[in-house]
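> just a sequence and a predicted model for now, questions to come.
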Amino acid sequence: MQFRQKPRDLDRAAFVTTFGRVYEQSPWIAEALFTAGVTPDHDSLDGLATALRSIVEGGGATRQMTLLRAHPDLAGKLAVAGALTDESRGEQAGAGLDQCSPTEFQRFQELNAAYTQRFGFPFILAVKGKSRAEILAAFEARINNAPATEFRTALDQVHRIAYLRLRDLC
C-alpha cells in the first residue's frame, strides 16, 4: 500500500507534521527517521511502519516508557475533558467509548487506576474494530500480567495503533 505523497519527497517539517502523530505525542520518532534518512523503502505502508517501529525498539526502555505514558486512558479524564488528540478521539469514539453506560464508565475508571498503579503507564489497546465489551475483557485479562509481559504487550499495541494510523494516511 502506497501513501498519497511519497514520504521521501517530503521536507523535514512536512514529514514530521504528517508522520509525527502516528505515535501518540511522540514526534521524536518521525524526526529520528527523517534524520537517519528516508529512502524509497519508506514509501510503502509496511516499509515506513517497519522503519518507525525500529526507531522505537532501538530507543531504549526510558524512551519506550515515555511513549507508553504519552497514551491517554481509555474512556478517561482526557476524553471527558475533550482533550484527546484527534487520532485518539476518533479511535475511542469508533469503539463506542464515548457512549459508555455509567456502569461501564465506572469500571473503566477503576481499571485505569488499578492498571496505572500496577504498571506505571496507561492500559493501551488498539481499539479500532473492537467493542466496549471486548476492550473491558482485554483490560481485565491483561491487568494480571507480569510487568515485563505487559510492557511488551503495551509496546506491541502502540505499534499496532501506529500501523493503523499510517494505513489511514494511504
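Arrived safely. Numbers count the residues shown, from 1 in each chain.
> switch to C-alpha atoms for all contacts and neighbour counts from now on
Fine.
> just the helices in this protein please.
All helices of the chain, identified by DSSP state H, fall at 12-19, 28-36, 45-57, 60-69, 77-81, 86-94, 102-119, 132-142, 147-168.
> which of these has the lowest mean pLDDT?
Among those, helix 77-81 carries the lowest mean pLDDT, at a mean of 53.
> of the helices of the chain, which approaches residue 2 most closely?
helix 45-57 (6.0 Å; Cα to Cα).
> counting by contacts, list what the closest one packs against.
Contacting helix 45-57 under the criterion 3 or more Cα pairs under 8 Å, 6 or more residues apart in numbering; DSSP states H and E are the following elements: helix 28-36, helix 60-69, helix 147-168.
> can you list those in a markdown table and add distance to residue 135 and mean neighbour count?
Below are those laid out as a markdown table (distance: least, Cα to Cα, whole Å; neighbours: other Cα atoms under 10 Å):
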| stretch | distance to residue 135 | mean neighbour count |
| --- | --- | --- |
| helix 28-36 | 27 | 18 |
| helix 60-69 | 18 | 15 |
| helix 147-168 | 13 | 18 |
